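> I would like to see how this sequence folds:
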Amino acid sequence: MPDPCLTPEQTKRVEDAYQLIPLIAARPCFRIPPGLNRDDLESHGSQVLMEAAVVYDPDTHGEWKEYARGELYSGFRRFLSRAWDRGKRERTDAPDPDTGRQIERADPDADDPAGTAIARETMAPPQVIYLPSPAAVRDRVHKLRAAMFGSIREEDVAAIMGRVMTAAKLGDMKAANVVVNLLRPKYGEKD
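A predicted model of the protein is given here:
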């Protein structure tokens, strides 16, 4: 749908150059700040093209697509520069509202992921981890062992192993591997 503020000639120019928006927005030279995505950049590109179509003069600016390409590049740079500046203003070293301490913020332009991780850890509130006592761990292990192995009887193990041996004799490779692995001496054991 054409913009009501554009003349038909200006609308045609915007439509002719519209395919440039995703091509230029996808360039790796445009680092997009957190909180924005490529769609935001492309949306701004539509606005830039409409503004460029209004001020375009063929005698002064030359070919329309070249002019539109230059306007998109400079429009994207201005948009991203304002977004990064706005993000830096929002990340000022304000005190933590809960503790009143100054929060050290990570430098968003830093390339060191370890520095970012350290800053993230310092920004996160300390977590208190409660470890159970050794006696509680021992009791829990006994309960788990009883739940896992308490109902297994020696006759059940013998019946299962008998079926595995039968399957191995009939050519079942998985069963044969189980038998071989059980009968093979462990590393470091004497035969």
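> can you classify the residue nearest to the spatial centre of the chain as helix, strand or coil?
Geometric centre of the chain, nearest residue: residue 34, 11.9 Å, by C-alpha atoms, centre = their mean. Secondary structure, DSSP: H, G, I helix; E, B strand; the rest coil: residue 34 is coil.
> which phi and psi values does it adopt?
phi -60, psi 140 (degrees, to the nearest 10).
> repeat that for residue 32.
phi -90, psi 130.
> surely it meets residue 38?
Yes: between residue 32 and residue 38 there is a contact at 6.7 Å, judged by C-beta atoms under 8 Å. Using the backbone N, CA and C atoms, a C-beta is placed for each residue, glycine as well.
> which of the two has more neighbours?
Neighbour comparison, residue 32 and residue 38: the larger count goes to residue 32, with 16 against 12 (by other C-beta atoms under 10 Å).
> who touches the more buried one in this structure?
38, 40, 41, 80, 83 (C-beta atoms under 8 Å, 6 or more residues apart in numbering).
> can you list the weak-confidence ranges in this structure?
1-4, 86-127, 186-191 (pLDDT under 70).
> how does it divide up, domain by domain?
Using automatic domain parsing, the domains assigned to the chain come out as 8-92+104-123, 134-183.
> pick the most deeply packed of those domains.
Counting by mean count of other C-beta atoms under 10 Å, domain 8-92+104-123 has the highest mean neighbour count of those, with a mean of 14.
> ok, and what's touching the one helix or strand residue 136 maps to?
Applying DSSP states H and E as the criterion places residue 136 in helix 134-149. Applying C-beta under 8 Å, 6+ apart, the contact partners of helix 134-149 are residue 132.
> list the helices and strands the following helix or strand past it packs on?
Next along the chain after helix 134-149, taking DSSP H and E as the criterion, comes helix 154-169. With contacts taken as 3 or more C-beta pairs under 8 Å, 6 or more residues apart in numbering; DSSP states H and E, helix 154-169 sits against helix 173-183.
> from the contact counts, what lies against the helix it packs on?
helix 154-169.
> can I get the helix it packs on in CSV? Just the C-alpha atoms.
Coordinates of each C-alpha in helix 154-169 appear next as CSV, following Å, rounded to 0.1, in the frame of the first residue of the first chain:
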residue,chain,number,x,y,z
GLU,A,154,19.7,-64.0,42.9
GLU,A,155,17.3,-66.2,41.1
ASP,A,156,16.1,-63.3,38.9
VAL,A,157,19.7,-62.5,37.9
ALA,A,158,20.4,-66.1,37.1
ALA,A,159,17.3,-66.3,34.9
ILE,A,160,18.2,-63.1,33.1
MET,A,161,21.8,-64.3,32.5
GLY,A,162,20.4,-67.6,31.2
ARG,A,163,18.3,-65.8,28.6
VAL,A,164,21.3,-63.6,27.6
MET,A,165,23.5,-66.7,27.2
THR,A,166,20.8,-68.4,25.1
ALA,A,167,20.4,-65.4,22.9
ALA,A,168,24.2,-65.1,22.5
LYS,A,169,24.4,-68.8,21.4
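> no further queries at this time; thank you.
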